[in-house]
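Chemist: Sequence first, then the predicted structure, then my questions.
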Amino acid sequence: MKKKSLALLIAFTLVFTFALSACGGGSDESADSGEEKAVLKVVTEATFAPFESTEDGDDTIVGFDPDMMAAIAEDQGLELEWVNMEFDSLIPALQSDQGDIICAGMNKLAGDRAEKVDFGDTYFESDLMLLVTSDSELTGIDAVTSDMKLASQIGTTGGDMVQAMKDEGKIADGVVLNQWTDCYLQLQNGEVQGVIVDKPVGEAYLNNHGDIAKFVGDSFGEHEEFAFAVQKGNTELLDKLNAGLANIKANGKYDELVDKWFS
Ligand code: ARG
C-alpha cells in the first residue's frame with residue numbers, strides 16, 4: 001500500500017512537472033503582462049557612450065546598457081524594444097505609460113527620482129569630472145571663475161550642477177543641452193570652458209579625443225549609482241530585472257560586457 005501510493009505520487013509529480021514545462025511555467029512570462037505588453041519598452045537617451053549611443057546614420061542603440069539589458073532579458077525570458085528620447089523625458093515617459101523601463105546610466109540617488117519611479121539594484125558606480133580642452137589652464141572645478149561658462153546635459157546631475165553654479169554666481173552661464181555630443185562641440189568651439197560629465201563617459205570621449213581634451217582635478221559631486229527603473233509599484237518586473245542582473249553577474253556575462261565596453 002505504501003509502495004503503491006509512493007508510485008502514484010511520483011507519477012503524479014512527473015505528469016504535473018511535464019504539464020508545467022509544456023505551458024512555459026517556471027518563467028511565468030505569460031502571468032499577467034503576457035498578452036497586452038509582450039514587448040517591454042526601454043527608454044534611454046543615446047548620446048552617452050559607452051553606456052548608450054547611436055552610430056552616425058544608424059538609429060540602432062549600442063553600448064553597455066543595451067548589451068546588459070539584452071543579457072538580463074535573455075536570462076528572464078523578456079523581450080525588449082528600445083526608444084531614444086531626451087534625458088529629461090525619461091521619467092515622465094514611465095509616468096505617462098510611454099515606457100516600461102528606463103536604462104540610461106541614471107543615478108538612482110539623485111534628487112527626487114526615486115519618488116517617481118522604482119529603481120533596481122545598482123549596476124555601475126560613477127562620479128562627475130570636469131572635461132576641458134587640452135590647452136586649458138584650469139586645474140579643477142574649484143578653479144573655475146565667474147567669467148566662465150560650463151556645459152552639461154539637461155536633467156542630469158551634471159546639468160543640475162552647472163545650473164546651481166550659475167545661480168550661486170560661480171560661473172557666468174550654465175549651458176544645459178539636450179545631447180552630450182553638443183556639449184563636446186561647444187567645448188571644442190570655445191563656447192564653454194568646461195563640460196561636467198560622468199567619469200566613464202568622459203573617459204570614452206577622451207579615448208578618441210585625447211589630443212584636444214583632458215580631465216582636470218579630482219572627481220566631485222555626489223557619488224552616483226546607476227540603476228534601471230520601472231514604473232512605481234511594478235515590483236513583478238523589477239524583481240525579474242534584479243534577478244537577471246544577479247544571474248549575469250554570477251555567470252560572468254556582466255564582467256564580459258564591462259571588458260567589452262570599458263577597457
Ligand atoms: N549619471 C547622470 C545622471 O544620472 C547622467 C546620465 C545621462 N544619461 C544619458 N543616457 N544621457 O543624471
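Modeler: That came through fine.

Chemist: need the residues of this structure near the ligand, please.
Modeler: 44-45, 48, 51-52, 87, 104-107, 110, 153, 156-157, 198, 224 (Cβ under 6 Å from any ligand atom). (C-beta placed from N, C-alpha, C; glycine too.)

Chemist: which residues touch the residue of the stretch 151-263 of the chain found nearest the ligand?
Modeler: For the stretch 151-263 of the chain and the ligand, the shortest gap (Cβ to the nearest ligand atom) falls at Thr156, measuring 3.4 Å. By Cβ atoms under 8 Å, 6 or more residues apart in numbering, Thr156 lies in contact with Phe87.

Chemist: Give me the pLDDT value at it.
Modeler: For Thr156, the model assigns a pLDDT of 98.

Chemist: taking the mean pLDDT, what do you get for the strand ranked longest in the chain?
Modeler: In the chain, with assignment by DSSP state E, the single longest strand is strand 213-226. Mean pLDDT, strand 213-226: 96.

Chemist: Alpha carbons of it, as PDB, please.
Modeler: Only the C-alpha atoms of strand 213-226 are listed here, as PDB (Å, rounded to 0.1, in the frame of the first residue of the first chain):
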ATOM      1  CA  ALA A 213      40.600  67.500 -24.500                       C
ATOM      2  CA  LYS A 214      41.500  66.300 -21.000                       C
ATOM      3  CA  PHE A 215      40.200  65.900 -17.400                       C
ATOM      4  CA  VAL A 216      41.300  68.300 -14.700                       C
ATOM      5  CA  GLY A 217      41.200  67.800 -11.000                       C
ATOM      6  CA  ASP A 218      39.600  65.100  -9.000                       C
ATOM      7  CA  SER A 219      36.100  63.700  -9.300                       C
ATOM      8  CA  PHE A 220      33.500  65.800  -7.400                       C
ATOM      9  CA  GLY A 221      29.800  65.900  -6.700                       C
ATOM     10  CA  GLU A 222      27.800  63.100  -5.100                       C
ATOM     11  CA  HIS A 223      28.800  59.600  -5.700                       C
ATOM     12  CA  GLU A 224      26.500  58.000  -8.300                       C
ATOM     13  CA  GLU A 225      24.800  54.700  -8.500                       C
ATOM     14  CA  PHE A 226      23.400  53.700 -11.900                       C
END
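
Chemist: so after it, what's the next helix or strand?
Modeler: Next helix or strand after strand 213-226 toward the C-terminus (DSSP states H and E): strand 229-231.

Chemist: Could I get the buried residue list for the next helix-or-strand element following that following strand?
Modeler: Next helix or strand after strand 229-231 toward the C-terminus (DSSP H and E): helix 235-250. By 16 or more other Cβ atoms under 10 Å, the buried positions in helix 235-250 come out as Leu237, Leu238, Lys240, Leu241, Asn242, Gly244, Leu245, Asn247, Ile248.

Chemist: what does stretch 104-122 give?
Modeler: Those would be Ala104, Gly105, Met106, Asn107, Lys108, Ala110, Arg113, Val117, Asp118, Phe119, Gly120, for stretch 104-122 by 16+ other Cβ under 10 Å.

Chemist: pull the CA atoms of that stretch into PDB?
Modeler: Output in PDB follows, covering the C-alpha atoms of stretch 104-122 (Å, rounded to 0.1, in the frame of the first residue of the first chain):
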ATOM      1  CA  ALA A 104      20.200  55.300 -19.300                       C
ATOM      2  CA  GLY A 105      23.200  55.400 -16.900                       C
ATOM      3  CA  MET A 106      20.800  57.100 -14.500                       C
ATOM      4  CA  ASN A 107      21.900  57.800 -11.000                       C
ATOM      5  CA  LYS A 108      19.300  56.400  -8.600                       C
ATOM      6  CA  LEU A 109      20.400  58.600  -5.700                       C
ATOM      7  CA  ALA A 110      19.800  62.000  -7.400                       C
ATOM      8  CA  GLY A 111      17.100  64.400  -6.400                       C
ATOM      9  CA  ASP A 112      13.600  63.000  -6.100                       C
ATOM     10  CA  ARG A 113      13.900  60.500  -8.900                       C
ATOM     11  CA  ALA A 114      13.200  57.600  -6.600                       C
ATOM     12  CA  GLU A 115       9.900  59.100  -5.600                       C
ATOM     13  CA  LYS A 116       8.700  59.000  -9.200                       C
ATOM     14  CA  VAL A 117      10.000  55.600 -10.400                       C
ATOM     15  CA  ASP A 118      11.300  52.400  -8.700                       C
ATOM     16  CA  PHE A 119      15.000  51.800  -9.200                       C
ATOM     17  CA  GLY A 120      16.600  48.400  -9.400                       C
ATOM     18  CA  ASP A 121      19.900  47.200  -7.900                       C
ATOM     19  CA  THR A 122      22.900  49.300  -8.800                       C
END
